[in-house]
Structures are given as C-alpha cells and as structure tokens.
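Chemist: Just need the structure, nothing else, for what follows:
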Amino acid sequence: MKPNFEAMSKSELTAYVLENRNDLEAIRILFRTPPGTEVKRYPPMFTPAGEPIERNIQIAEEAIRQKLEELDRKKQGEQNN
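Modeler: Below is the predicted model of the structure:
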C-alpha cells in the first residue's frame, strides 16, 4: 500500500522519492507546479540534431539575467526594511 503523497510534507515526500526513485507518481507530485504559479515557456536551446540555437540561448540568458536582477532588488528592499 502506497503512502498518501498529498498528505506528506515536502521534506517527507522528498525523502520518500530519494528512497523510491522509480515511483513516478511520487515524483510527479513532488515536482508538480502549484496552482496559480506563473510558468514561462522558452523555445528550445538546441535543434533535434543537437546544434545550439543562438537566438534562443540569448532569450534564455536575458530572462535569467532579468530574474536575478529582480531577486537582487527584492533582497535589497528586504534589507532596507
């Protein structure tokens, strides 16, 4: 009988998945996106043949840069309060 994954805390579920790495149901629950979470999709970084797509890599790099700047501003705001 499987445990109730929905009732487990994140740390309990993580520990379970580490011990039961082939339990796909538990893995899906652990890594699912919570409701209301904004999810951004980006174009693929590589072609099916494995060649890098430079423009898409630039798009991802810029998004990462912007997110880091946003987190830095938020952190600075918290430190100033």
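
Chemist: State whether residue 48 is indeed within a helix.
Modeler: No: Residue 48 sits outside any helix when classified using DSSP: H, G, I helix; E, B strand; the rest coil, being coil.

Chemist: Now do it against residue 75, distance only.
Modeler: According to C-beta to C-beta, to the nearest Å, residue 48 stands 39 Å off from residue 75. Heads up, the C-betas are built off the backbone N, CA and C, glycines and all.

Chemist: Then residue 11?
Modeler: Distance, residue 11 to residue 75, using C-beta to C-beta: 24 Å.

Chemist: what is the rounded mean pLDDT of the host helix or strand of residue 11?
Modeler: For residue 11, the host element (DSSP states H and E) is helix 10-19. For helix 10-19, mean pLDDT rounds to 96.

Chemist: Outside of it itself, list whatever touches it.
Modeler: 3, 5, 8, 23, 26-27, 29-30 (C-beta atoms under 8 Å, 6 or more residues apart in numbering).

Chemist: Could you tell me which of these belong to helices?
Modeler: 26-27, 29-30 (DSSP state H).

Chemist: Give the buried subset of the residues you listed as a ChimeraX selection command.
Modeler: If you want just the buried ones from the ones in helices among the contacts of helix 10-19 in ChimeraX, going by 16 or more other C-beta atoms under 10 Å, the selection is:
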select :26,27,30
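
Chemist: So which of the ones in helices among the contacts of helix 10-19 is the closest to residue 56?
Modeler: residue 27 (27.5 Å; C-beta to C-beta).

Chemist: For the closest one, report the pLDDT, please.
Modeler: pLDDT, residue 27: 95.

Chemist: out of everything not next to it in sequence, what's closest to it?
Modeler: In space, and not counting its chain neighbours, residue 27 is closest to residue 17: 5.6 Å by C-beta to C-beta, 6 or more residues apart in numbering.

Chemist: can you tell me how far the one you found sits from residue 63?
Modeler: On the measure of C-beta to C-beta, residue 17 and residue 63 end up 28 Å apart.

Chemist: Work out the gap between stretch 52-65 and the centre of the chain.
Modeler: Centre-to-centre, stretch 52-65 and its host chain are 17 Å apart (C-alpha atoms, centre = their mean, to the nearest Å).

Chemist: Could you pull out the buried residues of that stretch?
Modeler: For stretch 52-65, it's none, nothing buried (16+ other C-beta under 10 Å).
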